[in-house]
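Enquirer: let's see this in three dimensions:
(one chain, ligands or ions: 1)
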Amino acid sequence: MDQEKIGKFISTCRKDKGLTQMQLADKLGITDRAVSKWETGKSLPDASIMIELCEILNINVNELLTGEHIVMENYKDIAETNLLDMTKQIEQKDSTLLKIEKVMMWVVVPVYVALVIIGSYICKSNAALGIALIVIALMSVIPFAIIALKIEHDAGYYECPNCGERYVPTMSAVIWAPHMGTSRKMVCPHCGKKGYHKKVISKNR
Ligand SMILES: [Zn+2]
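Expert: Modelled structure (predicted):
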């Protein structure tokens, strides 16, 4: 996808509608800075507001992703290419995020365990220092745990071993579910069975 071309297209469509960046941002409930970033090709609109944006600009999602008005004849081909491109981009980002998470946990957890062990050892001779060390270890591992949980929730899907449904669970299901590696014990929203659901990158097999 050509982000710059898409940006210019958004800008043109917005002006055609007689809207300022601020007015468009207000309609979407976002900042005008975000609109400016799209229009300069620095970022793409989130999938969550793409449809609303297209409605306001009176274009369709494929035109948005192609960065031009599409003639009906080429429509289907372009639509399919765009959909594939977008899915591929999201899948790549998700798998990178999961890798980052893994590396992060491989570094953070041993450091945490080491600090706790050293802390409890020091406790014998200097209780205050030992406890301080354990508290510091605990406090510094919390932000990483939150980031890791967020990545595990946001990236990819979970697959039900029973019916094969691939889905995105709620954040609280991810937080409270017992897990082994990246598999989590959850209830399938499709068949209702409980089991270890494996993390997968794409929606389709
Ligand atoms: Zn199921």
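
Enquirer: distance of the spatially most central residue of the chain from Tyr196?
Expert: Per Cα atoms, centre = their mean, the C-alpha nearest to the average position across the chain is that of Asp154, at 4.3 Å. With distances taken as Cβ to Cβ, to the nearest Å, Asp154 is found 20 Å from Tyr196. (Each C-beta comes from the backbone N, C-alpha and C, glycine too.)

Enquirer: still on that earlier bit, can you report phi and psi for the residue nearest to the centre of the chain?
Expert: For Asp154, the backbone dihedrals (degrees, to the nearest 10) come out as phi -80, psi -40.

Enquirer: model confidence for Ala34, exactly?
Expert: Note for Ala34: predicted pLDDT of 94.

Enquirer: ignore what I typed, I meant Leu65.
Expert: 89.

Enquirer: just checking, it touches Asn82?
Expert: Yes - using Cβ atoms under 8 Å, Leu65 makes contact with Asn82 at a distance of 4.3 Å.

Enquirer: of those two, which one has the most company?
Expert: A count of neighbours by other Cβ atoms under 10 Å puts Leu65 above the other of Leu65 and Asn82, at 23 against 18.

Enquirer: for the more buried one, give its distance to Leu149.
Expert: As judged by Cβ to Cβ, Leu65 and Leu149 stand 31 Å apart.

Enquirer: and for Ile117?
Expert: According to Cβ to Cβ, Ile117 stands 25 Å off from Leu149.

Enquirer: please enumerate the helices of this protein.
Expert: Using DSSP state H, the helices of the chain run over 3-16, 21-28, 32-39, 47-57, 61-66, 75-123, 127-154, 171-176.

Enquirer: switch those helices over to a markdown table; also include distance to Asn204.
Expert: Output for these, formatted as a markdown table (distance: least, Cβ to Cβ, whole Å):
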| stretch | distance to Asn204 |
| --- | --- |
| helix 3-16 | 25 |
| helix 21-28 | 29 |
| helix 32-39 | 28 |
| helix 47-57 | 16 |
| helix 61-66 | 19 |
| helix 75-123 | 9 |
| helix 127-154 | 19 |
| helix 171-176 | 22 |
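
Enquirer: to the ion, which of these lies closest?
Expert: Across those, the ion has its closest neighbour in helix 171-176 (13.7 Å, Cβ to the ion).

Enquirer: close to the ion: what parts of this structure are there?
Expert: Contact residues, the chain versus the ion (Cβ under 5 Å from the ion): 160, 162-163, 165, 188, 190-191.

Enquirer: excluding its backbone neighbours, what's nearest Cys123?
Expert: Using Cβ to Cβ, 6 or more residues apart in numbering and skipping the chain neighbours, the partner closest in space to Cys123 is Gly130 (3.2 Å).

Enquirer: which residues does that neighbour contact?
Expert: 119-124 (Cβ atoms under 8 Å, 6 or more residues apart in numbering).

Enquirer: domain assignment for the protein?
Expert: Here the domain assignment for the chain is 3-70, 84-154, 157-200, based on automatic domain parsing.
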